[in-house]
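> Got a predicted structure plus its sequence, pasted below:
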Amino acid sequence: MNATTFLALMQREWMQHRRGWLIFSAVPLCMMLFAIVVGNVHVSSDESALSVLVALAGGYIGAVMMLGWVGAGFQSSGLGQRDRQDRSIEFWRSLPVSDWAAVGATALMHVLVFQLMVAGIAFVCGLFVAVLTVARVYGLSGVASLPWGTLSTVIVAAVPRVLVAVGAAALWAAPVMLFVMAASAWLKRWGGIAAVGALGLGSVILAKVYGMPWLLQTLATTAERFRDAIFPVARHDFESVPWDGQLTQLPQWLLSDTQRVLGELVDPAMAWGLLLAVLSYVLLVLRRQRA
Amino acid sequence: MSDNINISSTEPGAPLIRAEGVNLRYGKKTVLDNLSFTIPKGRVVGLLGHNGAGKTTLMKAMVGLANHAGHLDVLGLDPRKQRTELLRSLCYIPDVAILPRWARVHELITLMSGMHPKFSADRSRELLRRTSVGLNDKVKQLSRGMVVQLHLALIAAVDARIMILDEPTLGLDVLSRKAFYELLINEWCDGERTVLISTHQVEEVEALLSDVMMLNDGKLVLNISLDQLDQRYSALSHAPAAANAVAAAHPLLRYGSPNGASTAIFDGAMPSEVEALGQRVRPSLVDLFVALTRAPELNPRASR
């Protein structure tokens, strides 16, 4: 397997899904633009233009990234059966491409690259939407009054935080997504539901009936870490986040939160998750080999 | 007695495909039954057989998609263990309706260029220029015949040594089938490459073939070049009045013609007294196929 072939496999995913991905990324922007332009925007008199900008930009970015994961989650149940429905799997398997690489490229594109795209678009659109909202509420003078020097520093500090958010969230979400893909590949239509049911209900039964809470705790930790990766403020009080009057401290706050997200990757829950991910990956390859 | 004749016995060079005792079972059902054959380079081999005879399974075994017992090597490689390497020099059309429907033609060319080291994008575009398929067309917008032309143009642009085609003209009209065969013979076959094609349109491909393999219930009942076939099998066209005398010579098959005459096919030289009863003619591949693959109680010699 060489890099050219793997890139071609990734390119295949982009060619097949780019339209849906781009539309998916554009819909939140269109909705927000419609709301800002046509709707009524109410902001408390206590809020400054700066706090509105930072909260809206951060909220938009986080919300769209989360939407991206929800979309990928729904799509993952279809990926397991994707090429079988139109029999194109027979065409793809007639090419000199290993099944391991084919499955790997699909997983990489949907678990990571698509999310990077969503995050990147959300980042740019979030800033745009936030500035537009400030202009709508406070006028152009409100926009001009913003501390753009400090904001630029915050934006630069936010870039690695967003990148780490995508990477960390991908690591936390990949086991479940791959498990759902594998389940739908082997069990067809009900595979995804069966997988979610098995994990969720099974963990509750193990904890409540058999006194073995490790699976439930692992799932809870995974969900918590996934949330915290995408929403830096999830574990904090809003008042403790240094914006508005303490904006110059926000870059350092983002940096320390980035380090915390990276540190939390070293966790037994991650180890179990990676084990599940590897097992699911193997099952996907085996299923493809029998296609 | 099995009618397996080793094609490569008089051909120079190592065979591209070699099978020895290949067996394959799906549960209790034997799909391939002790197949042994070789296929040399530069041949156009027709793989014939009734539905369920094992043609597709044999082809899948050759490309590593079916787990078989026995020895099978293609281009010196184990199809199951060295599948990816084998597919670099072997191209395969398992069915004509399997191109991804979401893709545009130029996208397929781009992807093939990335995934197949021996694929020539320029060659594929040159082949497509002779068809009605446009580079910006989506596969789902193409007719079945155009999809076949596209698939063949993609595969024919691969510098492979073997092409395996599993009923590639299924469901096509006569013009599309003719275009397909012309593209295959004129643009890909060069005397060094080998084509293995399974089809039900026996009469159409007979003129293209250099060799024929016939499967019946998983068994290889015939494996012969068309030159040797003419030497081995003979047919006698005779009047109905001579039917009893001809039947007494135990032909493989007897059938009537629209003009009232009857024809009998013999394996080997026909007795001189029988030959005097009519006119010797060349047996068609279709008639030979029927003679060798019909139920054994109707044709006891075919199972030997």
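Yep, that arrived.
> So for the helix or strand harbouring B:F266, mean pLDDT?
Counting by DSSP states H and E, the element that carries B:F266 is strand B:262-267. The average pLDDT within strand B:262-267 is 82.
> And it, what does it pack against?
strand B:233-238, helix B:243-247, strand B:253-256, helix B:285-293 (3 or more Cβ pairs under 8 Å, 6 or more residues apart in numbering or on different chains; DSSP states H and E). Every C-beta, even on glycine, is put in place using the N, C-alpha and C of the backbone.
> mind checking how far it is from the chain centre?
Distance of strand B:262-267 from its chain centroid, counting by Cα atoms, centre = their mean, to the nearest Å, is 24 Å.
> Walk me through which strands it pairs with, and which way each runs.
If you go by DSSP bridges, strand B:262-267 pairs up with strand B:233-238 (antiparallel), strand B:253-256 (antiparallel).
> Could you export the shortest one as CSV, CA atoms only?
Put plainly, it is strand B:253-256. Only the C-alpha atoms of strand B:253-256 are listed here, as CSV (Å, rounded to 0.1, in the frame of the first residue of the first chain):
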residue,chain,number,x,y,z
LEU,B,253,-26.4,-35.6,-29.7
ARG,B,254,-29.0,-35.8,-32.4
TYR,B,255,-31.4,-33.0,-33.3
GLY,B,256,-33.6,-31.9,-36.2
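> Which residue comes closest to the residue of the stretch 101-250 of chain B found nearest chain A once chain neighbours are left out?
For the stretch 101-250 of chain B and chain A, the shortest gap (Cβ to the nearest Cβ) falls at B:G114, measuring 2.5 Å. Counting by Cβ to Cβ, 6 or more residues apart in numbering or on different chains, B:G114 lies nearest to A:A8, which is 2.5 Å off, once chain neighbours are set aside.
> For the residue of the stretch 101-250 of chain B closest to chain A, give me its contacts.
Applying Cβ atoms under 8 Å, 6 or more residues apart in numbering or on different chains to B:G114 gives the contacts A:T4, A:T5, A:L7, A:A8, A:L9, A:Q11.
> are any of the residues you listed buried, and which?
Buried residues within the contacts of B:G114, counting neighbours by 16 or more other Cβ atoms under 10 Å in any protein chain shown: A:T5, A:A8, A:L9, A:Q11.
> any chance of the residues you listed in CSV, plus secondary structure and pLDDT?
Putting these into CSV (DSSP: H, G, I helix; E, B strand; the rest coil; pLDDT from 0 to 100) gives the following:
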residue, secondary structure, pLDDT
A:T5, helix, 95
A:A8, helix, 97
A:L9, helix, 97
A:Q11, helix, 97
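> returning to what we had before: and the helices and strands packed on strand B:262-267 as CSV, adding mean neighbour count and mean pLDDT?
Converted to CSV, those look like this (neighbours: other Cβ atoms under 10 Å in any protein chain shown; pLDDT from 0 to 100):
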stretch, mean neighbour count, mean pLDDT
strand B:233-238, 21, 84
helix B:243-247, 15, 81
strand B:253-256, 15, 78
helix B:285-293, 21, 82
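> Export those as JSON lines, with columns for distance to A:S48.
What follows is the helices and strands packed on strand B:262-267, written out as JSON lines (distance: least, Cβ to Cβ, whole Å):
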{"stretch": "strand B:233-238", "distance to A:S48": "97"}
{"stretch": "helix B:243-247", "distance to A:S48": "107"}
{"stretch": "strand B:253-256", "distance to A:S48": "97"}
{"stretch": "helix B:285-293", "distance to A:S48": "88"}
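> looking at those, which is closest to A:P28?
helix B:285-293 (63.5 Å; Cβ to Cβ).
> about what we covered before: can you name the next helix or strand after the strand holding B:F266?
For strand B:262-267, the succeeding helix or strand toward the C-terminus, using DSSP H and E, is helix B:272-275.
> who's in contact with that next one?
B:L236, B:A245, B:V246, B:A249, B:F266.
> just checking, the second one touches B:L277?
Meaning B:A245. Yes: assessed by Cβ atoms under 8 Å, B:A245 is found in contact with B:L277 at 5.7 Å.
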